[in-house]
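1. Got a sequence here, can you model it:
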Amino acid sequence: MTRPTSVFVYVPNLIGYARIVLLLISCLFYTRNPGLFLILYSINVILDGIDGAVARKLNQCSAFGAWFDVVIDNFGRGMIWSRLYQWGCFIAMLEWLVFVCTHTLGAKWKMVIHETPWLVRKVMEKNFKTPIGTFTILGLHILPVWLYAHYTGLLTLLSIPKGVQYGGIAVLSAGRALCFVVELFFIWSHVLCLAVEDEVDKEKDTKKLDQ
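-> Next up, the predicted model:
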């Protein structure tokens, strides 16, 4: 069996390695230099937007790359949530739990099926590239960064009025709440699938005993 080493040196995945290095370096400046932390984190976010385009341009899309990209995203957001609040670790844990539940389905986890609840379908339509989908994704990715910039005073240094700061928190929190609904759906769906598998296994065992 040929070892799939080439996928690890795809350009998009090399960008992913650079993102991890940036996040690790940014950790050093989380409290001592919020401005530098935010710059490094922002470069990581920009690279996150670039790697997908590069993968499509070079025809280097891969299952590993898709998995790796989400791992890096979760690592970055989890770092902020866990250090921003004492209870922030629970949000990080929720996102990792959803990651486990969705990626057991492989690349097809983003496929919207007819049985999916209406709100979840609307959020996920066209790979989240709709107004409500974009609103949800912004809440997921931007809220922790906005909160960090607010509590460290960076937004004030940028002359952003307090009203706009709190308004941004409210709007982004609403987007994150929508994301929470979608996350709960996938967790519950995964639990139901496990329960169904258990029932199928029981039926198989019963049939074997009857024979």
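
2. Contact partners for Val7?
-> Asn13, Ser62, Phe64, Gly65 (CB atoms under 8 Å, 6 or more residues apart in numbering). Backbone N, C-alpha and C define where each C-beta goes, glycine included.

3. so what's the third one closest to, chain neighbours aside?
-> Leaving aside its chain neighbours, Phe64 sits nearest to Val7 (5.2 Å; criterion: CB to CB, 6 or more residues apart in numbering).

4. Now the one you found: phi and psi?
-> phi -60, psi -30 (degrees, to the nearest 10).

5. show me where pLDDT drops low in the protein?
-> 1-5, 105-114, 201, 203, 205-211 (pLDDT under 70).

6. Would you map out the domains in it?
-> Domain ranges of the chain: 1-92, 112-211, per automatic domain parsing.

7. Next one: Ala149 from Phe180, what distance?
-> Distance from Ala149 to Phe180, counting by CB to CB, to the nearest Å: 22 Å.

8. And for Cys89?
-> 16 Å.

9. Looking at the two, which one has more neighbours?
-> More neighbours surround Phe180 than the other of Cys89 and Phe180, with 16 against 13 (other CB atoms under 10 Å).

10. Enumerate every residue touching the more buried one.
-> So Phe180 contacts Leu94 (CB under 8 Å, 6+ apart).

11. Could you measure from it over to Pro144?
-> On the measure of CB to CB, Phe180 and Pro144 end up 14 Å apart.

12. Repeat that for Leu178.
-> For Leu178, the distance to Pro144 - CB to CB - is 16 Å.

13. Show me which of these two is the more surrounded one.
-> A count of neighbours by other CB under 10 Å puts Pro144 above the other of Leu178 and Pro144, at 26 against 21.

14. What sits closest to that one if chain neighbours are left out?
-> Closest residue to Pro144 apart from its sequence neighbours, by CB to CB, 6+ apart: Ile80 at 4.2 Å.

15. Nearest residue to Ile142 in space, ignoring adjacent ones along the chain?
-> Closest to Ile142 by CB to CB, 6+ apart is Leu172, at 5.6 Å.
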